[in-house]
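> build the 3D model from these lines:
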Amino acid sequence: MAPATAAEVEQLCEYFQSAGLSATRSLEVAKNPKTAAAAHSLFSRNGIETKALSDKQGMMLLQVAKDGAKLKEEDRDYIVEAVVDGRLKSADQVTAALKYLATNPTPVDKAAFDTACGVGFSATLDEILTRVRAYVQAHKADLAKAGWVGIGKTQGAFKLDEGLRWAPPLDVKAATEQVFTEEFGPKVAPTKAAKVALTAKATDPAAASAAAASEAPDEVFATGWISKLHKPGGNEQKIPERMKEHLEWTGGKVFTRFPPEPNGFLHIGHSKAIAINFGYAKYNHGHCYLRFDDTNPEAEEQIYFDKILEAVRWLGYEPYKITYSSDNFQKLYDLAVDLIKRDLAYTSNDTAEDISNQRGGKEHGPRHESKDRNKPIEQSLKEFAAMRAGEYQPGEMTLRMKQDMTNPNPVMWDIIAYRVLKKPHHRTGTTWCIYPTYDFTHCLCDSFENISHSLCSSEFITAREAYEWLCDALEVYKPRQSEYGRMSLEGTVTSKRKLLRLVTEGHVSGWDDPRLYTLVALKRRGVPPAAVIAFVSGLGITPSPGTIQLARFESVVRAQLETSTPRLMMILRPIKVTIENLASDFAIFVDKPMHPKDATMGTNSVPFTNTIYIDQDDFHLVPPEKDYKRLAPGGKAVGLLNVPYSITYVSHETAPDGTVLSIVCRAEDAKALPKGSGWIQWVAEHAPSHSPVRVAETRIFKRLFRSDNPGALDKDEYIKDIDPDSLVRVQGALLEVGIWKVIDSSLADARKVVAERSKAAKKDGVEAPPQVDGLEVVRFQGLRVAYFALDLDTVLVEGAKEGEERTDKLVLNLIAPLKEDSTKKKVEGKK
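Here you go, the predicted model:
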């Protein structure tokens, strides 16, 4: 088949884009005559250009065109219909459909087709874990011989298992690693914290991979796509001398950069970019810059600079150097002049409408060059100098790069390099009234800083061609750009515009509202930074973008908290209980462990008296279920945690609305409790030890949005999608007195970390990073309730001594619920 002409390639490229393929994918298909012919025939026969499909659906149809050539036309069309209507959602399902119809041609048995292709399949994380565990038990004798070496073969076998074949691969991988750990021990010798996690009573499908990632987060760079990136010096140069200069400067080390625009707060997706750029450099014994891409003074504020740096340090990274694109404004201007002199840039007074029409307009018609494209070089030099001198108003003149208007890639259509803004810059003041664009600045700053690996997310893949074109045009060192898949989290929005509206309209309390997934919000909520890094590392690094279940993120957070937080008895919604057969002055002190599996956390002494408080959920006038094991009228004795007593109901007092105000019970010997009896927690009233500790407010959070993808909703629909019950405020929760020990030790540990960093910095002759941790470092598990952290609204009284009554105002944030659904309901329950 003869190669297509440039015009034919362009026409095909535009068609495939209208059918849903991305610009880059469309270009790849259009340049392959055989694939283009098959795809065009299939797409046009089924009217795909009218279906408004996603790039993923387009890729699945492309798979049908390439791999279904031997099927009858009506069989291929049936698969197309299943992709379009959403029944087939993955490439694996398309492969199964092709295989099924190869032996079961039309007319199609829909039920049999759906079963064979996993249509409608769903499985929870726990169901996946159960299925994996059953398989491993059934094949344990053979698997034990190979141990961890056989895990790849086991995961391959799941492709043939009807209960796992269509399950999310990441969930299957996590479950398999957990079961292998249970059966064959850890893959590598775990630390003490990992041993605690592995022996925890509760099972969690994400815990195994989370624990492994937490212990060795850098190992993610040893496998997969990122492990195959070029070595320093491996990125080809137009001018070989540039590589020699680059290697002399870097000494052959890896240099990366994290280059955020300081026009908003970082979100959970940015944590992947931070972890990859800083982590890859660290893994390869190199360096990573934090570079602020501050070329748009209209949108930049100092708070964004401060909070971005704070977020990087909160995640545990320290930049090699902190740089600013604005530091290079003069150098960038000089290179723009050089580009004009090379006849590769020109000044233009084209309007936005003119530029749109040159690119084919809304109808994607033929493209044409700007009227200014071939103006004399001297004229462009003169007008560019006039731009700098402030002789033009915004929008009156720009500098455009002279690229290739015939190229199918839109980033090569003479994009803008400089524009007039006439806005003061936070660093350069009023020195400049023109500013370079991201497309002009980014690659050149990478070149200035001798970046060996320009790592960015996949939405920049089409920009790579312009990136390389500009470096080659100016004959400067050319870094190599490599793209990893962007990470999204279900049930969240990360668009700066949408987040700004949530904040400015008061739907949330601020950028750090714990219901958001900005990094400042996660920090305030109390999510440990190590959990964020473990989450990203546990997902692996591939070029494919992915939307991750919120439950998976919570699983990783829980796995981190399980090993690192002390346990405290906590009564979220208290009811007073008087034990009538204990004297009013009765008091004993009980030593209870701060963690059931980590003796190094120590113990805490709590009082037990004749007046205690239990949670409303631990008492029901009418038991909600037959095997109810907690306190109720006429019910059995109930054990009290950590003391040798059980209690039985005697009477209760209610308010006019029926609310139970208090209960009277009798104490009995807990040794007499039958096996299988219920046990509840409590907090005692004891004035001498200032028990209980009263919490001013406990904030319980649920996901802010009802839908899984609120960011995809039209216009204002994402505002309507907000759950009005996403925040519940509970006043008057009670804690055991051990909370003061947890607060004091947690804050002391944070100060030790700062001191150690200062000592290390002094030794290295550099400035010590400031403390970025706040009250959120005080984390604990409210026993049988949830994980909590102190909120920044907490007020701690300085100078309080042990044993004195404290007047602190405690405000708690829910970090994550415990795994059990019943616990989650308890936390979110009564409002």
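> any chance you could map the helices in the stretch 251-400 of the chain?
In order along the chain, the stretch 251-400 of the chain carries the following helices (DSSP state H, counting those that start in this stretch): 268-283, 302-314, 329-341, 352-358, 377-388.
> for the nearest residue to Tyr649 once chain neighbours are set aside, give me its contacts.
Leaving aside its sequence neighbours, Tyr649 sits nearest to Pro633 (CB to CB, 6 or more residues apart in numbering; 5.2 Å). Heads up, the C-betas are built off the backbone N, CA and C, glycines and all. Pro633 sits next to 621, 649, 652 when contact means CB atoms under 8 Å, 6 or more residues apart in numbering.
> okay, the closest residue in space to the first one that isn't next to it in sequence: pLDDT?
Distance criterion CB to CB, 6+ apart; nearest residue to Leu621, sequence neighbours excluded, is Pro633 at 6.3 Å. According to the predicted model, the pLDDT of Pro633 comes to 92.
> which SSE is Pro633 in?
Using DSSP states H and E, Pro633 falls within no helix or strand.
> could we number from 14 for the rest of this?
Taking 14 as the first residue, the last one we looked at is Pro646.
> below-threshold pLDDT in the stretch 564-713 of the chain: ranges please.
Flagging of the stretch 564-713 of the chain using pLDDT under 70 yields an empty set of residue ranges.
> would you list every one of the strands in it?
If you assign secondary structure with DSSP state E, counting those that start in this stretch, the strands in the stretch 564-713 of the chain sit at 580-581, 583-584, 587-592, 600-606, 616-622, 624-628, 651-653, 658-667, 673-682, 692-693, 696-697, 706-707, 710-714.
> can you say which of the ones you listed is nearest to Pro542?
Go through the strands of the stretch 564-713 of the chain one by one with CB to CB and the one that ends up closest to Pro542 is strand 710-714, at 18.7 Å.
> for this protein, where's the lowest mean pLDDT among helices and strands?
Ranked by mean pLDDT, DSSP states H and E, the weakest helix or strand in the chain is helix 205-211, scoring a mean of 40.
> deepest in the core, which of the helices of the stretch 264-413 of the chain is it.
Mean neighbour count, computed with mean count of other CB atoms under 10 Å, is highest for helix 281-296 among those, reaching a mean of 22.
> alpha carbons of that helix, as PDB, please.
As requested, the backbone C-alpha atoms of helix 281-296 are provided in PDB (Å, rounded to 0.1, in the frame of the first residue of the first chain):
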ATOM      1  CA  ILE A 281      -3.300  15.000  45.200                       C
ATOM      2  CA  GLY A 282      -2.400  14.600  41.500                       C
ATOM      3  CA  HIS A 283       0.700  16.800  42.000                       C
ATOM      4  CA  SER A 284       2.000  14.400  44.700                       C
ATOM      5  CA  LYS A 285       2.700  11.900  41.900                       C
ATOM      6  CA  ALA A 286       4.700  14.500  40.000                       C
ATOM      7  CA  ILE A 287       6.600  15.400  43.200                       C
ATOM      8  CA  ALA A 288       7.300  11.800  44.100                       C
ATOM      9  CA  ILE A 289       8.400  10.900  40.500                       C
ATOM     10  CA  ASN A 290      10.700  13.800  39.900                       C
ATOM     11  CA  PHE A 291      12.300  13.900  43.400                       C
ATOM     12  CA  GLY A 292      12.200  10.200  43.800                       C
ATOM     13  CA  TYR A 293      13.800   9.400  40.400                       C
ATOM     14  CA  ALA A 294      16.600  11.800  41.100                       C
ATOM     15  CA  LYS A 295      17.200  10.300  44.600                       C
ATOM     16  CA  TYR A 296      17.000   6.700  43.300                       C
END
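> make CSV from the helices of the stretch 264-413 of the chain and add mean pLDDT and distance to Lys244 to it.
Formatted as CSV, the helices of the stretch 264-413 of the chain follow (pLDDT from 0 to 100; distance: least, CB to CB, whole Å):
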stretch, mean pLDDT, distance to Lys244
helix 281-296, 95, 13
helix 315-327, 94, 26
helix 342-354, 98, 28
helix 365-371, 95, 41
helix 390-401, 98, 39
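> mind putting those in TSV, distance to Gly539 included?
Compiled in TSV, the helices of the stretch 264-413 of the chain are given as follows (distance: least, CB to CB, whole Å):
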stretch	distance to Gly539
helix 281-296	15
helix 315-327	12
helix 342-354	41
helix 365-371	46
helix 390-401	49
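> quick check: Ala312 vs Leu322, distance?
In this structure, Ala312 lies at 18 Å from Leu322, with CB to CB, to the nearest Å as the measure.
> for Ile289, same thing?
Applying CB to CB, the value for Ile289 to Leu322 is 18 Å.
> then Gly442?
Spatial separation of Gly442 from Leu322 under the definition CB to CB is 22 Å.
> repeat that for Leu345.
For Leu345, the distance to Leu322 (CB to CB) stands at 23 Å.
> same check, this time on Glu261
The span separating Glu261 from Leu322 equals 30 Å under the rule CB to CB.
> then Ile447?
Using CB to CB, Ile447 is found at 27 Å from Leu322.
> repeat that for Thr576.
Per CB to CB, Thr576 is found 29 Å from Leu322.
> got it, and Gly198?
Distance of Gly198 to Leu322, given as CB to CB: 41 Å.
> go on, Arg586?
From Arg586 over to Leu322 (counting by CB to CB), the distance is 41 Å.
> dump the strands of the stretch 564-713 of the chain to JSON lines, plus distance to Gln371 and mean neighbour count.
JSON lines is the format used below for these (distance: least, CB to CB, whole Å; neighbours: other CB atoms under 10 Å):
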{"stretch": "strand 580-581", "distance to Gln371": "66", "mean neighbour count": "24"}
{"stretch": "strand 583-584", "distance to Gln371": "65", "mean neighbour count": "27"}
{"stretch": "strand 587-592", "distance to Gln371": "71", "mean neighbour count": "20"}
{"stretch": "strand 600-606", "distance to Gln371": "72", "mean neighbour count": "14"}
{"stretch": "strand 616-622", "distance to Gln371": "73", "mean neighbour count": "20"}
{"stretch": "strand 624-628", "distance to Gln371": "69", "mean neighbour count": "23"}
{"stretch": "strand 651-653", "distance to Gln371": "79", "mean neighbour count": "22"}
{"stretch": "strand 658-667", "distance to Gln371": "78", "mean neighbour count": "17"}
{"stretch": "strand 673-682", "distance to Gln371": "75", "mean neighbour count": "16"}
{"stretch": "strand 692-693", "distance to Gln371": "74", "mean neighbour count": "19"}
{"stretch": "strand 696-697", "distance to Gln371": "73", "mean neighbour count": "26"}
{"stretch": "strand 706-707", "distance to Gln371": "69", "mean neighbour count": "16"}
{"stretch": "strand 710-714", "distance to Gln371": "50", "mean neighbour count": "21"}
